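1. Need coordinates for the below:
(2 chains)
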Amino acid sequence: MSYDFHKTKILIVEDNLPMLELTKSLLQTFGVGEVIPAKHGEGGFKEFCNHNPDIVIADWMMVPMDGISLTRRMRNDPKSPNQYTPVILMTGFSEKRRVVQARDAGVTEFLVKPFNARDLYRRIAQVIERPRQFVRSEDFFGPDRRRSTKDEHRGPYRRTQDKSITPEVEDIAFQEIVKSGDN
Amino acid sequence: MTTHYNQTPRRKAEFIRPPNTLKAKVGSGGLSEDILNRAEALLENNTVDFQPLADMYLGTLMKGIEAAKEAGPSADREQVIAAMLYPGMQLKANGGMFHYPLVTLAADKLIQFLEVIHEPDIESIEIVLGFHTTIRAVVLGKIKGDGGEHGASLLKALDGACTRYFDKYKGTLDKLEDGEF
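-> As a prediction, this is how the structure comes out:
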């Protein structure tokens, strides 16, 4: 048994065309059924409303709308077809305050560029295997900014389907980056 | 045992666990090593020419440097720094994606420097210019990979310039952090 991505739709929002094409090719190699491209947050939101993708992968720095604003809109705009769609934010920033800013905007996972194919896969596997619960409060709507660890399995993996939750997949983007930022 | 000191919680948060439709679509088991290796090979063998991209970001960085030189005392220093920081971030992000890890390493040092300087003074702008010159030389020289010993010495020189800057202004920076200015 292995993942079958052919029924999934992923929206990539990236203003750098070579980067967009490269990410698209990686997703196609993973077997993703439909990859929808958009060049900036504004176009990205339009495509998001039109296609209701399963995952959104967005760059941070774009004009006229960046990845953070796109995420806020996906989470809060009444036109949004799914407020819970996972957002993987790609960026060259890895400083703690930037990660926290992204997290507070409602981003699900953080992917630091440059990345390799396994880095991208780990983030996707993370949103599949360990989806975050959502929080709605007076001033925030988005994925829970704390990630529960009580269900973590510490013992050996004995069944083939357990491969999808190997420790490699359990790489916790935000927490790892925040921890490294503390050093 | 009481919670919230017997007071009524004022800010209520609702926790929602959305259905995992993605898991239902893709199933279990992860991706095979074969697929992941093919994807890695695709990245390693990409033939994108990084130079036009690098030229664009270096051009934006130079505009940021020029703007910082011309900025008066009333200019918003965070904006002035951001105009150099953002193209620096793009160079860091894209260099390594397109076979120029030395650009990523140098631009990462530039970001680390810009993230902590207090203001874009003449000396710090000169250092940013040094980063620009170095990164441009790496791209024009088509130095792919980490640049070996030469790459290491370039990074060491950049590191040294940043360290000397902070050593020189250490007393002033400490006072700034203590709010004495």
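
2. So residue A:99: helix, strand or coil?
-> Taken by DSSP: H, G, I helix; E, B strand; the rest coil, the conformation at residue A:99 corresponds to helix.

3. neighbours of it, just the number please.
-> The tally of other residues near residue A:99 (other C-beta atoms under 10 Å in any protein chain shown) stands at 24. In this view, the C-beta of every residue, glycine as well, is placed from N, C-alpha and C.

4. Quick check: it touching residue A:109?
-> No: counting by C-beta atoms under 8 Å, residue A:99 does not reach residue A:109; the two are 10.7 Å apart.

5. Run through the strands of chain B in chain order.
-> B:14-16 (DSSP state E).

6. now what about stretch B:150-160, what contacts it?
-> B:102, B:105-106, B:109-110, B:130-131, B:134, B:138, B:143, B:145-147 (C-beta atoms under 8 Å, 6 or more residues apart in numbering or on different chains).

7. Now the two most distant members of these.
-> B:130 and B:145 (21.8 Å; C-beta to C-beta).

8. Looking at those two, which has the bigger crowd around it?
-> Ranked by neighbour count (other C-beta under 10 Å), residue B:130 and residue B:145 place residue B:130 first, with 16 against 10.

9. Tell me the confidence at that one?
-> If you check residue B:130, the pLDDT there is 97.

10. Name the nearest residue to it, sequence neighbours excluded.
-> Closest residue to residue B:130 apart from its sequence neighbours, by C-beta to C-beta, 6 or more residues apart in numbering or on different chains: residue B:161 at 5.9 Å.

11. was I right about the one you found contacting residue B:127?
-> Yes: counting by C-beta under 8 Å, residue B:127 is a contact partner of residue B:161 at 5.1 Å.

12. buried subset of the contacts of stretch B:150-160?
-> Listed as buried from the contacts of stretch B:150-160 are B:102, B:105-106, B:109-110, B:130-131, B:134, B:138, B:143, B:147; burial here means 16 or more other C-beta atoms under 10 Å in any protein chain shown.

13. Looking at those residues, which are in helices?
-> Taking DSSP state H, the ones among the buried ones among the contacts of stretch B:150-160 that sit in helices are B:102, B:105-106, B:109-110, B:130-131, B:134, B:138.

14. Return the closest of those residues with respect to residue A:87.
-> For those, the closest approach to residue A:87 (C-beta to C-beta) belongs to residue B:110, at 27.5 Å.

15. Chain A versus that closest one, what's the distance?
-> Separation of residue B:110 from chain A (C-beta to the nearest C-beta, to the nearest Å): 11 Å.

16. From what I see, that residue and residue B:130 are in contact.
-> No: counting by C-beta under 8 Å, residue B:110 stays clear of residue B:130, with 9.3 Å between them.

17. residue boundaries of the helices in chain A?
-> Under DSSP H, chain A gives helices at A:17-30, A:41-51, A:67-76, A:96-105, A:117-129, A:173-182.

18. right, and these - which one's nearest chain B?
-> helix A:117-129 (3.5 Å; C-beta to the nearest C-beta).

19. starting at the chain centroid, how far to that closest one?
-> Relative to the centre of its chain, helix A:117-129 is centred 8 Å away, using C-alpha atoms, centre = their mean, to the nearest Å.

20. quick one, what contacts residue 32?
-> In the absence of a named chain, chain A is used. By C-beta under 8 Å, 6+ apart, the contact list for residue A:32 reads A:5-6, A:8-10.

21. not what I meant, chain B
-> Here residue B:32 is in contact with residue A:2 (C-beta under 8 Å, 6+ apart).

22. What score does it have for pLDDT?
-> 96.

23. hang on, the earlier thing: and the contacts of residue A:32, which of them are buried?
-> Applying 16+ other C-beta under 10 Å to these flags A:5, A:8-10 as buried.

24. picking that back up, just checking: which of the contacts of residue A:32 also lie near chain B?
-> Restricting these to those touching chain B (C-beta under 8 Å from any C-beta of the partner chain) yields A:5, A:8.

25. was I right about residue B:117 contacting residue B:124?
-> Yes: the pair residue B:117 / residue B:124 is scored as a contact, 5.0 Å apart, by C-beta under 8 Å.

26. Between the two, which contacts overlap?
-> Contacts common to residue B:117 and residue B:124, judged by C-beta under 8 Å, 6+ apart, are residue B:165.

27. Can you tell me which residue is spatially central in chain B?
-> residue B:89 (3.7 Å; C-alpha atoms, centre = their mean).

28. Helix or strand with the lowest mean pLDDT in the chain?
-> I'll assume chain A. Here the helix or strand of chain A ranked lowest by mean pLDDT, DSSP states H and E is helix A:173-182, holding a mean of 49.

29. and residue A:45, what does it touch?
-> Per C-beta under 8 Å, 6+ apart, neighbours of residue A:45: A:65, A:70, A:73-74, A:77.

30. before we move on, back to that, could you export the buried ones among the contacts of residue A:32 as JSON lines, including pLDDT and distance to residue B:40?
-> Formatted as JSON lines, the buried ones among the contacts of residue A:32 follow (pLDDT from 0 to 100; distance: C-beta to C-beta, whole Å):
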{"residue": "A:5", "pLDDT": "97", "distance to residue B:40": "17"}
{"residue": "A:8", "pLDDT": "98", "distance to residue B:40": "21"}
{"residue": "A:9", "pLDDT": "98", "distance to residue B:40": "24"}
{"residue": "A:10", "pLDDT": "98", "distance to residue B:40": "19"}
